[in-house]
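Undergrad: Just the structure for this:
(chains A, B, C and D)
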2 protein chains.
Amino acid sequence: MARNPKQNKANRPRTRGAARPATAKQAVRRTRATADSPYHHGALRDALLQAAEKVLERDGLPGLTLRAVAREAGVSHAAPTHHFGDLTGLLSELAAIGYRQFNEAMRAANVSGTPQEKGMASAKAYVAYAQAHPGLYGLMFRTERLDMKRPALHEAANVAFAGLARGVGASRHEHIEAEALSLEQAGAIARAWSMIHGFTMLLLDNRMANILRRLPKGTTMDQLFEAMLKSPPPRPPV
Amino acid sequence: MARNPKQNKANRPRTRGAARPATAKQAVRRTRATADSPYHHGALRDALLQAAEKVLERDGLPGLTLRAVAREAGVSHAAPTHHFGDLTGLLSELAAIGYRQFNEAMRAANVSGTPQEKGMASAKAYVAYAQAHPGLYGLMFRTERLDMKRPALHEAANVAFAGLARGVGASRHEHIEAEALSLEQAGAIARAWSMIHGFTMLLLDNRMANILRRLPKGTTMDQLFEAMLKSPPPRPPV
DNA sequence: GCAAAATCTTTACACTGTCAAAATGGCATC
DNA sequence: GATGCCATTTTGACAGTGTAAAGATTTTGC
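TA: Model (predicted):
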């Protein structure tokens, strides 16, 4: 689409059939398939997803095209179609991977300590994951480019939400039945999620830098994040 | 790019020169320019921005292309280039309009009442604006598609931030000097902004519906929003 | 073995952004 | 009023994109 002409084009040339050790006879018969580059890839689906993640974090969401992914994986431009149907399908499966990675990171951060310590550790792990995988995190919430009805994506996103609800419940010293919430519980979940997701998005969109710039020199984003979490609610105590 | 084949194509045919009342002689000389469709539009820049907003809210961000905007405005596909340079330029100017609309909506909502009432009214106006202009709000925070160095966009976004900081300061009964913040002030601003922006994004991305579905039947999004704002901070009072 | 299915490539088409050249008409200057 | 400059708009071209259809190749089921 030539939308972003700055995107990497160095590794454009197809790598398949680059060094072709076939005999002359074979060369007549089979012009492409070689030992190190068989016609059937074998695990192309996973290879494409890996390539997609690489392209996404290197060139950003605008550079994440079906053809760019195919190039990165060294296959023809239409190969991804068979595995994902269309671009939305590929993005959705990639987002599902993102949610699973995210869930794993959150699980790893939520190991020990008081409920308050766990909450802070989870919040920091949340932001840290998004900073480590900015493209992926952005994709995970770009609903217009995803098909949330895909089972893999739907399920992985639901697991993420359940983990969030459980964490909020723990910090309130109560067990949250994720399928039926009270308004108060839902408010607490919405508050925690909105605040951390909002901070993360503003951070990735470079908006938090505007606040940081107005703070005393040397103040870090981490300090701002902690100050936000510890900030009292907007209503003064009467 | 044919990325979203569902996008509206009904109004494709150029409207210029549709009804051409020119004489035969004129028709020989000038094949396109007519009374109601002169070669020089006169106010094409504004017309393009209006068309862009229309296309954005109708077909979403993926459907907002230079050529679609030109079609909507009834001019040739390359006409926007002269006024905006490239697609990023058009999107940035459109985002600037969004910020100005947003600022006006916030100003209108912040008229009377106690600081608490003003805060609640502002928060509701914030979400209401985003719901009324979902495409525009999404564009305003899609940094990778914008050029924040454009003066119009930069300034309008700064005005929005200043208004936010002022509002938070008022709810804390203090005057906030937007250029130099204390860590506590910054934390309060980050908290308010993150929470409302996060809620808005989750709402537009259809994530809040998941919470609402788990609430007692009949509960509205507005109730959830209020419950979130009134929810106590996650740390229990020791 | 062999037909069928799965996988991958090739080809084609409509769409996109952007550039360059041509066309058009407003406007200041003579 | 004529003229020439210049902003504005159109036309045409090119490379890149998604996706559909048809062909090529390999695996798999029987």
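
Undergrad: For the rest of this, base every contact and every neighbour count on C-alpha atoms.
TA: OK.

Undergrad: pLDDT weak spots in chain A?
TA: By pLDDT under 70, the low-scoring segments of chain A are A:1-37, A:39, A:232-238.

Undergrad: Show me the residue at the heart of it, geometrically.
TA: Closest residue to the average C-alpha location of chain A: A:L136 at 2.5 Å, with CA atoms, centre = their mean.

Undergrad: From B:A125, how far off is it?
TA: 31 Å (CA to CA, to the nearest Å).

Undergrad: try A:H173
TA: 34 Å.

Undergrad: These two: who's more crowded?
TA: B:A125 (19 against 11; other CA atoms under 10 Å in any protein chain shown).

Undergrad: Secondary structure element holding the more buried one?
TA: helix B:115-132 (DSSP states H and E).

Undergrad: just checking, A:A165 touches A:A178?
TA: Yes: A:A165 lies in contact with A:A178 (CA atoms under 8 Å); the separation is 6.6 Å.

Undergrad: and the residue in chain A that chain B sits nearest to, how many neighbours?
TA: Per CA to the nearest CA, A:G198 is where chain A lies closest to chain B, at 3.5 Å. By other CA under 10 Å, the residues close to A:G198 number 25.

Undergrad: Then A:H82?
TA: The local packing of A:H82 (other CA under 10 Å) involves 9 other residues.

Undergrad: how close does it get to DNA strand C?
TA: A:H82 sits 6 Å away from DNA strand C when distances are taken as CA to the nearest atom of the strand, to the nearest Å.

Undergrad: residue boundaries of the helices in chain A?
TA: A:24-29, A:44-63, A:66-73, A:79-84, A:87-109, A:115-132, A:134-140, A:151-171, A:183-204, A:208-213, A:221-230 (DSSP state H).

Undergrad: Tell me which of those is the most buried.
TA: Comparing those by mean neighbour count (mean count of other CA atoms under 10 Å in any protein chain shown), helix A:183-204 ranks first with a mean of 24.

Undergrad: can you list contacts of that one?
TA: A:123, A:126-127, A:130-131, A:134, A:138, A:164-165, A:168-169, A:176, A:208-209, B:190-191, B:193-199, B:201-202, B:208, B:211, B:215-216, B:224-232, B:234 (CA atoms under 8 Å, 6 or more residues apart in numbering or on different chains).

Undergrad: Swap in 6 Å and give it another go.
TA: Helix A:183-204 has contacts (CA atoms under 6 Å, 6 or more residues apart in numbering or on different chains) with A:127, A:208, B:194-195, B:197-199, B:224, B:227-228, B:231.

Undergrad: Check stretch A:54-64 too.
TA: A:G135.

Undergrad: let's see 7 Å
TA: A:7, A:52, A:69, A:133, A:135 (CA atoms under 7 Å, 6 or more residues apart in numbering or on different chains).

Undergrad: And for stretch A:130-142?
TA: With CA under 7 Å, 6+ apart, stretch A:130-142 has contacts from A:56-57, A:60-61, A:95, A:98, A:204, B:205.

Undergrad: Pick out whichever of those sits closest to A:A47.
TA: Nearest to A:A47 among the contacts of stretch A:130-142: A:L56, at 14.1 Å, using CA to CA.

Undergrad: and the gap between the closest one and A:A128?
TA: 18 Å.

Undergrad: before we move on, what about A:Y99?
TA: 14 Å.

Undergrad: Check A:V168 too.
TA: For A:V168 relative to A:A128 (CA to CA), the value is 19 Å.

Undergrad: Next: A:A227.
TA: Counting by CA to CA, the gap from A:A227 to A:A128 is 17 Å.

Undergrad: again with A:A180
TA: 30 Å.

Undergrad: can you list the residues of chain A near chain B?
TA: A:1, A:116, A:141-143, A:171, A:179-184, A:186-188, A:190-191, A:194-195, A:197-199, A:205, A:211, A:214-215, A:224, A:227-228, A:231, A:233-235 (CA under 7 Å from any CA of the partner chain).

Undergrad: just to revisit the earlier point, with adjacent residues omitted, what lies nearest to the residue of chain A closest to chain B?
TA: Once flanking residues are discounted, A:G198 sits nearest to B:G198: 3.5 Å by CA to CA, 6 or more residues apart in numbering or on different chains.

Undergrad: Next one: the residue of chain A closest to chain B from A:A190, what distance?
TA: 11 Å.

Undergrad: what's the answer for A:G138, then?
TA: 19 Å.

Undergrad: and A:R150, how many neighbours?
TA: A:R150 has 13 nearby residues by other CA under 10 Å.

Undergrad: can you pull the contacts of the closest residue to it other than its chain neighbours?
TA: Spatial nearest neighbour of A:R150, excluding adjacent residues (CA to CA, 6+ apart): A:S92 at 7.3 Å. When contacts are counted by CA under 7 Å, 6+ apart, A:S92 touches A:146-147, A:153.
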